[in-house]
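**Student:** Got a predicted structure plus its sequence, pasted below:
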Amino acid sequence: MASLIGSYSLSFGLFFSVFIIFFSFRNLRDTEILDKKIVSFTFIQFFFVVISFLGLIVSFVNSDFSNETVFNHSHTTKPLFYKISGTWGNHEGSLLLWLLVLTLFISIFLLKSNQQPKKYRIFTLLFQQIIIIGFFIFLIKTSSPFNYIFPKPNEGLGLNPILQDPALAIHPPILYLGYVGSSIIFSSALAAMVTSHVSKEWAKHIKRWVLVSWVFLTIGILLGSIWAYYELGWGGFWFWDPVENVSLMPWFALTTLLHCILVLEKKKILTSWAMILSIATFALSMSGTFLVRSGILNSVHTFANDPERGLFILIFLFTLIFLSIFIFIFFHSEEEKIENNFFWLSKETSILVNNWFMMYFLSVVLIGTIYPIFLEVITANKISVGPPFYNKLIIPFLIPFLLAMAIGPKLNWIKSDLKDKFYMIIFLIISFLLSALIIKEFDISFLINTILVTSAFFFVFLYFERIFYQKIEEFISKHCTFWFQFINFKHFI
(Lines give C-alpha, C1' and ligand atoms only; values in the text may rest on other atoms or scores of the structure.)
Protein backbone atom coordinates (compact mmCIF):
# COMPACT_ATOMS: atom_id res chain seq x y z
CA MET A 1 0.00 0.00 0.00
CA ALA A 2 2.83 2.41 0.90
CA SER A 3 4.55 1.68 -2.43
CA LEU A 4 1.32 2.34 -4.33
CA ILE A 5 0.83 5.69 -2.55
CA GLY A 6 4.47 6.59 -3.24
CA SER A 7 4.14 5.75 -6.94
CA TYR A 8 0.98 7.83 -7.41
CA SER A 9 2.51 10.71 -5.43
CA LEU A 10 5.41 10.84 -7.91
CA SER A 11 2.97 11.14 -10.81
CA PHE A 12 0.99 13.87 -9.05
CA GLY A 13 4.22 15.76 -8.32
CA LEU A 14 5.13 15.72 -12.03
CA PHE A 15 1.57 16.83 -12.90
CA PHE A 16 1.89 19.92 -10.68
CA SER A 17 4.97 21.05 -12.65
CA VAL A 18 2.56 21.87 -15.49
CA PHE A 19 0.56 24.20 -13.22
CA ILE A 20 3.71 25.84 -11.87
CA ILE A 21 5.08 26.56 -15.37
CA PHE A 22 1.70 27.78 -16.68
CA PHE A 23 1.08 30.23 -13.83
CA SER A 24 4.73 31.35 -13.87
CA PHE A 25 4.58 32.41 -17.53
CA ARG A 26 1.23 34.09 -16.95
CA ASN A 27 2.57 35.95 -13.92
CA LEU A 28 5.52 37.32 -15.95
CA ARG A 29 3.12 39.61 -17.82
CA ASP A 30 0.94 40.50 -14.83
CA THR A 31 1.53 42.54 -11.69
CA GLU A 32 4.86 43.13 -9.96
CA ILE A 33 3.87 40.72 -7.17
CA LEU A 34 4.56 36.99 -7.32
CA ASP A 35 1.31 35.05 -7.71
CA LYS A 36 0.53 33.15 -4.50
CA LYS A 37 -0.74 30.22 -6.57
CA ILE A 38 2.81 29.62 -7.82
CA VAL A 39 4.13 29.34 -4.25
CA SER A 40 1.18 27.12 -3.26
CA PHE A 41 1.66 24.73 -6.20
CA THR A 42 5.40 24.55 -5.47
CA PHE A 43 4.70 23.51 -1.88
CA ILE A 44 2.06 21.00 -3.02
CA GLN A 45 4.64 19.47 -5.38
CA PHE A 46 7.13 19.27 -2.49
CA PHE A 47 4.41 17.67 -0.34
CA PHE A 48 3.79 14.91 -2.92
CA VAL A 49 7.52 14.15 -3.18
CA VAL A 50 7.71 13.95 0.64
CA ILE A 51 4.76 11.49 0.63
CA SER A 52 6.51 9.43 -2.05
CA PHE A 53 9.77 9.34 -0.09
CA LEU A 54 7.96 8.42 3.14
CA GLY A 55 6.16 5.66 1.22
CA LEU A 56 9.52 4.17 0.26
CA ILE A 57 10.80 4.44 3.86
CA VAL A 58 7.67 2.67 5.17
CA SER A 59 8.15 -0.08 2.56
CA PHE A 60 11.73 -0.61 3.78
CA VAL A 61 10.77 -0.54 7.47
CA ASN A 62 7.91 -3.04 6.92
CA SER A 63 10.12 -5.23 4.67
CA ASP A 64 7.59 -5.08 1.83
CA PHE A 65 9.38 -7.40 -0.61
CA SER A 66 6.67 -6.94 -3.24
CA ASN A 67 8.63 -3.71 -3.90
CA GLU A 68 11.59 -4.58 -6.16
CA THR A 69 13.85 -1.91 -4.60
CA VAL A 70 13.17 -3.23 -1.07
CA PHE A 71 13.72 -6.83 -2.22
CA ASN A 72 17.10 -5.98 -3.78
CA HIS A 73 18.46 -3.90 -0.88
CA SER A 74 16.93 -5.13 2.40
CA HIS A 75 16.05 -8.17 4.46
CA THR A 76 13.95 -8.87 7.58
CA THR A 77 16.86 -9.23 10.04
CA LYS A 78 18.50 -5.93 9.14
CA PRO A 79 18.51 -3.33 12.01
CA LEU A 80 15.93 -0.53 11.75
CA PHE A 81 18.65 2.12 11.24
CA TYR A 82 19.98 0.34 8.16
CA LYS A 83 16.48 -0.37 6.86
CA ILE A 84 15.83 3.39 6.84
CA SER A 85 19.25 4.26 5.41
CA GLY A 86 18.73 1.53 2.81
CA THR A 87 16.06 3.81 1.35
CA TRP A 88 18.78 5.96 -0.23
CA GLY A 89 21.53 3.29 -0.30
CA ASN A 90 20.59 2.33 -3.85
CA HIS A 91 20.18 3.93 -7.28
CA GLU A 92 16.39 4.39 -7.26
CA GLY A 93 16.07 5.61 -3.67
CA SER A 94 19.02 7.99 -3.96
CA LEU A 95 17.42 9.63 -7.01
CA LEU A 96 14.16 10.05 -5.10
CA LEU A 97 16.16 11.69 -2.30
CA TRP A 98 17.78 13.98 -4.91
CA LEU A 99 14.30 14.95 -6.17
CA LEU A 100 13.14 15.57 -2.59
CA VAL A 101 16.00 18.00 -1.95
CA LEU A 102 15.40 19.72 -5.33
CA THR A 103 11.78 20.49 -4.45
CA LEU A 104 12.68 21.41 -0.85
CA PHE A 105 15.32 23.94 -1.93
CA ILE A 106 13.12 25.70 -4.50
CA SER A 107 10.37 25.98 -1.85
CA ILE A 108 12.82 27.55 0.60
CA PHE A 109 14.14 29.82 -2.16
CA LEU A 110 10.66 31.23 -2.85
CA LEU A 111 10.15 31.88 0.86
CA LYS A 112 13.53 33.54 1.42
CA SER A 113 13.70 35.70 -1.72
CA ASN A 114 10.83 38.11 -1.03
CA GLN A 115 13.12 41.13 -1.44
CA GLN A 116 14.30 40.05 -4.90
CA PRO A 117 12.69 41.18 -8.20
CA LYS A 118 9.63 39.19 -9.27
CA LYS A 119 10.97 38.26 -12.74
CA TYR A 120 14.22 36.98 -11.24
CA ARG A 121 12.32 34.73 -8.81
CA ILE A 122 10.04 33.38 -11.55
CA PHE A 123 12.89 32.61 -13.95
CA THR A 124 14.81 30.87 -11.15
CA LEU A 125 11.71 28.76 -10.50
CA LEU A 126 11.31 27.97 -14.22
CA PHE A 127 14.93 26.86 -14.64
CA GLN A 128 14.67 24.78 -11.48
CA GLN A 129 11.47 23.19 -12.79
CA ILE A 130 13.33 22.08 -15.93
CA ILE A 131 15.73 20.15 -13.67
CA ILE A 132 12.89 18.84 -11.48
CA ILE A 133 10.86 17.62 -14.49
CA GLY A 134 13.97 15.89 -15.85
CA PHE A 135 14.41 13.97 -12.61
CA PHE A 136 10.69 13.14 -12.41
CA ILE A 137 10.78 11.62 -15.90
CA PHE A 138 14.06 9.81 -15.17
CA LEU A 139 12.60 8.29 -12.00
CA ILE A 140 9.23 7.28 -13.45
CA LYS A 141 10.48 5.95 -16.80
CA THR A 142 13.83 4.28 -16.04
CA SER A 143 14.44 4.16 -12.27
CA SER A 144 11.14 3.82 -10.43
CA PRO A 145 11.64 2.84 -6.77
CA PHE A 146 8.12 1.38 -6.71
CA ASN A 147 8.27 -1.49 -9.23
CA TYR A 148 6.02 -4.39 -8.19
CA ILE A 149 7.10 -8.06 -7.85
CA PHE A 150 4.61 -10.93 -8.05
CA PRO A 151 4.55 -13.35 -6.39
CA LYS A 152 5.87 -11.61 -3.28
CA PRO A 153 9.23 -13.11 -2.07
CA ASN A 154 9.54 -14.14 1.59
CA GLU A 155 13.02 -12.63 2.02
CA GLY A 156 15.12 -9.91 0.44
CA LEU A 157 18.67 -9.99 -0.90
CA GLY A 158 19.97 -7.48 1.67
CA LEU A 159 22.17 -4.41 1.56
CA ASN A 160 25.85 -4.68 0.64
CA PRO A 161 27.63 -5.29 4.00
CA ILE A 162 30.30 -2.70 3.14
CA LEU A 163 27.56 -0.05 2.93
CA GLN A 164 26.14 -0.94 6.37
CA ASP A 165 28.06 1.74 8.23
CA PRO A 166 26.86 4.78 10.25
CA ALA A 167 29.14 7.21 8.40
CA LEU A 168 27.97 5.98 5.00
CA ALA A 169 24.33 5.96 6.12
CA ILE A 170 24.33 9.74 6.61
CA HIS A 171 26.92 10.42 3.87
CA PRO A 172 24.51 10.44 0.84
CA PRO A 173 21.87 12.84 2.28
CA ILE A 174 24.51 15.36 3.33
CA LEU A 175 26.39 15.05 0.04
CA TYR A 176 23.14 15.54 -1.90
CA LEU A 177 22.38 18.70 0.04
CA GLY A 178 25.65 20.03 -1.37
CA TYR A 179 25.05 18.68 -4.88
CA VAL A 180 21.44 19.84 -5.12
CA GLY A 181 22.26 23.18 -3.52
CA SER A 182 24.33 23.83 -6.62
CA SER A 183 21.13 23.47 -8.70
CA ILE A 184 19.64 26.55 -7.02
CA ILE A 185 22.88 28.45 -7.68
CA PHE A 186 22.73 27.30 -11.32
CA SER A 187 19.07 28.31 -11.80
CA SER A 188 19.64 31.59 -9.98
CA ALA A 189 22.66 32.48 -12.15
CA LEU A 190 20.72 31.81 -15.37
CA ALA A 191 17.77 33.85 -14.08
CA ALA A 192 20.09 36.70 -13.06
CA MET A 193 21.59 36.80 -16.56
CA VAL A 194 18.18 36.69 -18.30
CA THR A 195 16.79 39.50 -16.12
CA SER A 196 20.07 41.52 -15.98
CA HIS A 197 20.15 41.12 -12.20
CA VAL A 198 23.85 40.23 -11.86
CA SER A 199 24.84 42.76 -9.19
CA LYS A 200 26.14 43.24 -5.67
CA GLU A 201 22.61 42.65 -4.37
CA TRP A 202 22.41 39.33 -6.21
CA ALA A 203 25.81 38.33 -4.77
CA LYS A 204 24.60 39.06 -1.21
CA HIS A 205 21.45 37.06 -1.85
CA ILE A 206 23.10 34.00 -3.43
CA LYS A 207 26.07 33.92 -1.04
CA ARG A 208 24.01 32.07 1.59
CA TRP A 209 23.12 29.32 -0.89
CA VAL A 210 26.74 28.99 -2.01
CA LEU A 211 27.95 28.78 1.60
CA VAL A 212 25.28 26.24 2.64
CA SER A 213 26.03 24.05 -0.40
CA TRP A 214 29.78 24.29 0.24
CA VAL A 215 29.41 23.30 3.91
CA PHE A 216 27.24 20.26 3.16
CA LEU A 217 29.41 19.13 0.25
CA THR A 218 32.54 19.43 2.42
CA ILE A 219 31.00 17.43 5.29
CA GLY A 220 29.71 14.82 2.83
CA ILE A 221 33.16 14.34 1.30
CA LEU A 222 34.74 14.11 4.77
CA LEU A 223 32.25 11.42 5.87
CA GLY A 224 32.95 9.43 2.71
CA SER A 225 36.71 9.73 3.33
CA ILE A 226 36.40 8.55 6.93
CA TRP A 227 34.34 5.54 5.80
CA ALA A 228 36.88 4.69 3.09
CA TYR A 229 39.73 4.90 5.64
CA TYR A 230 38.52 2.19 8.01
CA GLU A 231 36.28 0.14 5.67
CA LEU A 232 38.16 -0.21 2.37
CA GLY A 233 41.71 -0.60 3.70
CA TRP A 234 43.20 1.90 1.29
CA GLY A 235 45.74 3.00 3.87
CA GLY A 236 44.48 6.57 3.90
CA PHE A 237 41.47 8.87 3.75
CA TRP A 238 41.89 9.54 0.05
CA PHE A 239 42.85 7.14 -2.72
CA TRP A 240 41.97 9.22 -5.80
CA ASP A 241 39.22 6.74 -6.56
CA PRO A 242 37.19 7.96 -9.59
CA VAL A 243 33.97 8.24 -7.57
CA GLU A 244 35.79 10.21 -4.88
CA ASN A 245 37.06 12.49 -7.63
CA VAL A 246 33.60 13.21 -9.04
CA SER A 247 32.57 14.68 -5.69
CA LEU A 248 35.85 16.62 -5.38
CA MET A 249 35.49 18.39 -8.75
CA PRO A 250 32.29 20.31 -7.88
CA TRP A 251 33.90 21.13 -4.51
CA PHE A 252 36.79 22.87 -6.31
CA ALA A 253 34.34 24.83 -8.48
CA LEU A 254 32.12 25.71 -5.51
CA THR A 255 35.07 26.88 -3.42
CA THR A 256 36.24 29.12 -6.26
CA LEU A 257 32.69 30.44 -6.73
CA LEU A 258 32.46 31.33 -3.04
CA HIS A 259 35.58 33.51 -3.36
CA CYS A 260 34.19 35.19 -6.50
CA ILE A 261 30.90 35.94 -4.76
CA LEU A 262 32.79 37.57 -1.87
CA VAL A 263 34.49 39.90 -4.38
CA LEU A 264 31.29 40.55 -6.33
CA GLU A 265 29.58 41.50 -3.07
CA LYS A 266 32.15 44.30 -2.59
CA LYS A 267 32.57 45.44 -6.22
CA LYS A 268 30.78 44.54 -9.43
CA ILE A 269 33.70 42.57 -10.83
CA LEU A 270 34.42 38.91 -11.66
CA THR A 271 30.82 38.54 -12.88
CA SER A 272 31.87 36.23 -15.74
CA TRP A 273 33.80 34.08 -13.27
CA ALA A 274 30.73 33.87 -11.03
CA MET A 275 28.37 32.93 -13.89
CA ILE A 276 30.68 30.32 -15.44
CA LEU A 277 31.44 28.74 -12.05
CA SER A 278 27.73 28.65 -11.13
CA ILE A 279 27.10 26.70 -14.33
CA ALA A 280 30.23 24.54 -13.98
CA THR A 281 29.48 23.52 -10.38
CA PHE A 282 26.09 22.08 -11.26
CA ALA A 283 27.37 20.58 -14.53
CA LEU A 284 30.12 18.77 -12.60
CA SER A 285 27.56 17.53 -10.05
CA MET A 286 25.42 16.16 -12.88
CA SER A 287 28.51 14.66 -14.55
CA GLY A 288 29.25 12.85 -11.30
CA THR A 289 25.69 11.51 -11.29
CA PHE A 290 26.17 10.26 -14.87
CA LEU A 291 29.52 8.58 -14.17
CA VAL A 292 28.30 6.89 -10.97
CA ARG A 293 25.08 5.57 -12.53
CA SER A 294 26.12 4.69 -16.07
CA GLY A 295 28.36 1.71 -15.36
CA ILE A 296 31.34 3.51 -16.93
CA LEU A 297 33.26 3.69 -13.65
CA ASN A 298 34.15 0.56 -11.73
CA SER A 299 34.11 1.37 -8.02
CA VAL A 300 32.54 0.18 -4.78
CA HIS A 301 30.71 3.54 -4.68
CA THR A 302 28.85 3.11 -7.96
CA PHE A 303 25.08 2.69 -7.75
CA ALA A 304 24.06 1.29 -11.12
CA ASN A 305 25.40 -0.49 -14.16
CA ASP A 306 22.77 0.40 -16.76
CA PRO A 307 23.88 2.25 -19.94
CA GLU A 308 20.25 3.25 -20.69
CA ARG A 309 20.07 5.22 -17.46
CA GLY A 310 23.47 6.77 -18.14
CA LEU A 311 22.37 7.81 -21.65
CA PHE A 312 19.31 9.62 -20.28
CA ILE A 313 21.44 11.57 -17.78
CA LEU A 314 24.02 12.36 -20.48
CA ILE A 315 21.37 13.77 -22.86
CA PHE A 316 19.78 15.74 -20.03
CA LEU A 317 23.19 17.08 -18.94
CA PHE A 318 24.11 18.24 -22.46
CA THR A 319 20.70 19.91 -22.82
CA LEU A 320 21.28 21.92 -19.62
CA ILE A 321 24.87 22.80 -20.63
CA PHE A 322 23.83 24.03 -24.11
CA LEU A 323 20.99 26.05 -22.58
CA SER A 324 23.45 27.61 -20.11
CA ILE A 325 26.01 28.46 -22.81
CA PHE A 326 23.29 30.02 -24.98
CA ILE A 327 22.07 32.22 -22.10
CA PHE A 328 25.63 33.19 -21.12
CA ILE A 329 26.55 34.22 -24.67
CA PHE A 330 23.39 36.13 -25.50
CA PHE A 331 22.28 37.55 -22.13
CA HIS A 332 25.40 38.13 -20.04
CA SER A 333 27.18 41.44 -20.65
CA GLU A 334 30.18 42.77 -18.73
CA GLU A 335 29.61 46.41 -17.88
CA GLU A 336 32.46 46.59 -15.40
CA LYS A 337 35.45 46.19 -17.73
CA ILE A 338 36.96 49.47 -16.53
CA GLU A 339 36.99 48.19 -12.95
CA ASN A 340 38.63 44.90 -13.87
CA ASN A 341 42.16 46.34 -13.54
CA PHE A 342 43.32 45.24 -10.09
CA PHE A 343 46.25 46.64 -8.16
CA TRP A 344 48.83 43.86 -8.04
CA LEU A 345 48.91 43.80 -4.23
CA SER A 346 45.26 43.61 -3.17
CA LYS A 347 42.74 41.12 -1.85
CA GLU A 348 41.02 41.01 -5.26
CA THR A 349 44.26 39.95 -6.94
CA SER A 350 44.92 37.29 -4.31
CA ILE A 351 41.44 35.85 -4.88
CA LEU A 352 42.01 35.85 -8.63
CA VAL A 353 45.30 33.97 -8.10
CA ASN A 354 43.45 31.54 -5.82
CA ASN A 355 40.87 31.01 -8.59
CA TRP A 356 43.52 30.06 -11.15
CA PHE A 357 45.15 27.60 -8.74
CA MET A 358 41.78 25.98 -7.99
CA MET A 359 40.99 25.72 -11.70
CA TYR A 360 44.34 24.02 -12.28
CA PHE A 361 43.64 21.47 -9.52
CA LEU A 362 40.16 20.90 -10.97
CA SER A 363 41.64 20.35 -14.46
CA VAL A 364 44.14 17.78 -13.16
CA VAL A 365 41.44 15.80 -11.35
CA LEU A 366 39.09 16.04 -14.36
CA ILE A 367 41.74 14.76 -16.79
CA GLY A 368 42.83 11.99 -14.42
CA THR A 369 39.22 10.83 -14.03
CA ILE A 370 37.94 10.93 -17.63
CA TYR A 371 41.13 10.21 -19.61
CA PRO A 372 41.00 6.43 -18.94
CA ILE A 373 37.34 6.43 -20.08
CA PHE A 374 38.10 8.15 -23.41
CA LEU A 375 41.19 5.98 -23.97
CA GLU A 376 39.14 2.83 -23.49
CA VAL A 377 36.47 4.06 -25.93
CA ILE A 378 39.03 4.99 -28.61
CA THR A 379 41.60 2.17 -28.29
CA ALA A 380 39.84 -0.50 -26.15
CA ASN A 381 42.85 -0.36 -23.80
CA LYS A 382 42.18 -0.12 -20.08
CA ILE A 383 44.44 1.94 -17.85
CA SER A 384 44.13 3.24 -14.30
CA VAL A 385 45.29 6.65 -13.10
CA GLY A 386 46.41 6.48 -9.50
CA PRO A 387 48.00 8.60 -6.74
CA PRO A 388 51.43 9.06 -8.45
CA PHE A 389 49.80 11.03 -11.30
CA TYR A 390 47.94 13.38 -8.95
CA ASN A 391 50.83 13.77 -6.51
CA LYS A 392 53.32 14.75 -9.22
CA LEU A 393 50.99 17.33 -10.78
CA ILE A 394 49.35 18.77 -7.65
CA ILE A 395 51.89 18.76 -4.81
CA PRO A 396 54.43 21.19 -6.42
CA PHE A 397 51.63 23.71 -6.97
CA LEU A 398 50.38 23.33 -3.40
CA ILE A 399 53.45 25.24 -2.19
CA PRO A 400 52.74 28.60 -3.89
CA PHE A 401 49.02 27.99 -3.35
CA LEU A 402 49.43 27.69 0.45
CA LEU A 403 51.72 30.74 0.51
CA ALA A 404 49.18 32.78 -1.47
CA MET A 405 46.37 31.49 0.75
CA ALA A 406 48.29 32.61 3.85
CA ILE A 407 49.15 36.09 2.55
CA GLY A 408 45.85 36.87 0.76
CA PRO A 409 43.64 37.42 3.85
CA LYS A 410 46.24 39.88 5.26
CA LEU A 411 45.84 42.20 2.25
CA ASN A 412 43.37 45.06 1.95
CA TRP A 413 40.65 45.50 -0.62
CA ILE A 414 41.54 47.70 -3.64
CA LYS A 415 45.17 48.38 -2.61
CA SER A 416 47.74 47.23 -0.04
CA ASP A 417 51.34 48.05 0.70
CA LEU A 418 54.25 46.15 2.21
CA LYS A 419 54.46 48.28 5.34
CA ASP A 420 53.89 46.41 8.62
CA LYS A 421 54.12 43.08 6.78
CA PHE A 422 57.67 42.14 7.81
CA TYR A 423 56.38 39.93 10.62
CA MET A 424 55.34 37.51 7.85
CA ILE A 425 59.02 36.97 7.01
CA ILE A 426 59.67 36.02 10.65
CA PHE A 427 56.76 33.54 10.55
CA LEU A 428 58.13 32.10 7.30
CA ILE A 429 61.62 31.57 8.83
CA ILE A 430 60.11 29.89 11.93
CA SER A 431 57.96 27.69 9.67
CA PHE A 432 60.99 26.64 7.64
CA LEU A 433 63.02 25.72 10.74
CA LEU A 434 60.18 23.69 12.25
CA SER A 435 59.58 21.90 8.94
CA ALA A 436 63.26 21.06 8.49
CA LEU A 437 63.43 19.55 12.00
CA ILE A 438 60.27 17.46 11.47
CA ILE A 439 61.32 16.19 8.02
CA LYS A 440 64.82 15.33 9.26
CA GLU A 441 63.38 13.48 12.26
CA PHE A 442 61.15 11.31 10.05
CA ASP A 443 63.92 10.76 7.49
CA ILE A 444 61.91 11.37 4.30
CA SER A 445 62.83 13.14 1.06
CA PHE A 446 64.02 16.56 2.14
CA LEU A 447 63.55 19.31 -0.42
CA ILE A 448 59.95 19.10 -1.67
CA ASN A 449 58.52 18.01 1.71
CA THR A 450 60.35 20.73 3.62
CA ILE A 451 58.98 23.41 1.32
CA LEU A 452 55.48 21.92 1.42
CA VAL A 453 55.36 21.60 5.22
CA THR A 454 56.89 25.10 5.54
CA SER A 455 54.05 26.49 3.44
CA ALA A 456 51.50 24.66 5.59
CA PHE A 457 53.04 25.95 8.85
CA PHE A 458 53.18 29.48 7.42
CA PHE A 459 49.49 29.33 6.55
CA VAL A 460 48.56 28.03 10.03
CA PHE A 461 50.66 30.68 11.81
CA LEU A 462 49.09 33.56 9.87
CA TYR A 463 45.60 32.10 10.29
CA PHE A 464 45.87 31.86 14.08
CA GLU A 465 47.62 35.24 14.27
CA ARG A 466 44.63 36.82 12.53
CA ILE A 467 42.16 35.09 14.87
CA PHE A 468 44.22 36.08 17.94
CA TYR A 469 44.24 39.78 16.99
CA GLN A 470 40.52 39.72 16.23
CA LYS A 471 39.77 38.31 19.68
CA ILE A 472 42.05 40.87 21.34
CA GLU A 473 40.32 43.72 19.48
CA GLU A 474 36.88 42.40 20.45
CA PHE A 475 37.97 42.06 24.10
CA ILE A 476 39.44 45.59 24.23
CA SER A 477 36.47 47.09 22.44
CA LYS A 478 33.98 45.43 24.76
CA HIS A 479 35.72 46.16 28.08
CA CYS A 480 37.05 49.61 27.20
CA THR A 481 33.55 50.69 26.22
CA PHE A 482 32.29 49.51 29.61
CA TRP A 483 35.01 51.43 31.56
CA PHE A 484 34.57 54.61 29.53
CA GLN A 485 30.84 54.52 30.26
CA PHE A 486 31.57 53.89 33.95
CA ILE A 487 34.05 56.84 34.13
CA ASN A 488 31.60 59.16 32.36
CA PHE A 489 28.83 58.09 34.77
CA LYS A 490 31.06 58.82 37.83
CA HIS A 491 31.99 62.19 36.34
CA PHE A 492 28.30 62.99 35.79
CA ILE A 493 27.50 62.20 39.45
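**Tutor:** It's in.

**Student:** what's the weakest-modelled helix or strand in the chain?
**Tutor:** Here the helix or strand of the chain ranked lowest by mean pLDDT, DSSP states H and E is helix 447-492, holding a mean of 56.

**Student:** Give the other helices and strands that the helix or strand encompassing residue 374 contacts.
**Tutor:** Per DSSP states H and E, residue 374 falls inside helix 347-379. Under the contact definition 3 or more Cβ pairs under 8 Å, 6 or more residues apart in numbering; DSSP states H and E, helix 347-379 sits against helix 242-266, helix 387-407. Quick note: C-beta positions are derived from backbone N, CA and C, even for glycine.

**Student:** and the first one with helix 387-407, angle?
**Tutor:** With axes from the mean of the first three to the mean of the last three Cα atoms, to 10 degrees as the criterion, the two stretches helix 242-266 and helix 387-407 enclose an angle of 20 degrees.

**Student:** I'd like the next helix or strand past helix 242-266.
**Tutor:** Past helix 242-266, the next helix or strand by DSSP H and E is helix 271-293.

**Student:** ok, residue 231 - contacts?
**Tutor:** 162, 165, 168 (Cβ atoms under 8 Å, 6 or more residues apart in numbering).

**Student:** change it to 10 Å
**Tutor:** 161-165, 167-168, 300 (Cβ atoms under 10 Å, 6 or more residues apart in numbering).

**Student:** Return a ChimeraX selection command for the buried portion of the residues you listed.
**Tutor:** Applying 16 or more other Cβ atoms under 10 Å to the contacts of residue 231, the buried members can be selected in ChimeraX as follows:
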select :163,164,165,167,168
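
**Student:** Tell me the one of the contacts of residue 231 nearest residue 67?
**Tutor:** residue 163 (18.6 Å; Cβ to Cβ).

**Student:** nearest residue to the closest one other than its sequence neighbours?
**Tutor:** In space, and not counting its chain neighbours, residue 163 is closest to residue 89: 5.4 Å by Cβ to Cβ, 6 or more residues apart in numbering.

**Student:** what about the one you found, how many residues close to it?
**Tutor:** Residue 89 has 23 neighbouring residues, counting by other Cβ atoms under 10 Å.

**Student:** Give me the pLDDT for it.
**Tutor:** With respect to pLDDT, residue 89 has a value of 80.

**Student:** And the residue nearest the centre of the chain, which helix or strand is it part of?
**Tutor:** Geometric centre of the chain, nearest residue: residue 178, 3.8 Å, by Cα atoms, centre = their mean. Here residue 178, judged by DSSP H and E, is contained in helix 166-194.

**Student:** Quick one: mean pLDDT for whatever helix or strand comes next after that helix?
**Tutor:** Using DSSP H and E, the helix or strand that follows helix 166-194 towards the C-terminus is helix 200-231. Mean per-residue pLDDT for helix 200-231: 88.

**Student:** Okay, buried residues for helix 200-231 please.
**Tutor:** 202-203, 205-207, 209-210, 212-214, 216-221, 223-225, 227-229, 231.

**Student:** what do you get for stretch 394-408?
**Tutor:** Across stretch 394-408, burial judged by 16+ other Cβ under 10 Å covers 394, 398-399, 401-408.

**Student:** what about the residue nearest to residue 163, which SS state?
**Tutor:** coil (DSSP: H, G, I helix; E, B strand; the rest coil).

**Student:** For it, list the residues it contacts.
**Tutor:** 60, 73-74, 82-83, 159-160, 163-164, 168-169, 171-172, 303.

**Student:** what's the lowest-pLDDT member of these?
**Tutor:** Ranking the contacts of residue 89 by pLDDT, residue 303 lands last with 56.

**Student:** where does this protein dip in pLDDT?
**Tutor:** 31, 232-237, 293-308, 334-344, 414-493 (pLDDT under 70).

**Student:** Repeat the analysis, applying 50 as the threshold.
**Tutor:** Counting by pLDDT under 50, the low-confidence segments of the chain come to 336-338, 447, 483-484, 486-487, 489-493.

**Student:** mind giving me the domain ranges of it?
**Tutor:** 1-162, 422-492 (automatic domain parsing).

**Student:** on that earlier part again, which one of the contacts of residue 89 is nearest to residue 137?
**Tutor:** When the contacts of residue 89 are compared against residue 137 (criterion: Cβ to Cβ), the nearest one is residue 303, at 18.4 Å.

**Student:** Would you confirm that residue 228 contacts residue 244?
**Tutor:** Yes. Here residue 228 reaches residue 244: they are 7.3 Å apart, a contact under Cβ atoms under 10 Å.

**Student:** returning to that earlier point: would you mark the buried spots in the helix holding residue 374?
**Tutor:** Under the neighbour-count criterion of 16+ other Cβ under 10 Å, helix 347-379 has 347-355, 357-359, 361-362, 364-366, 368-370, 372 buried.
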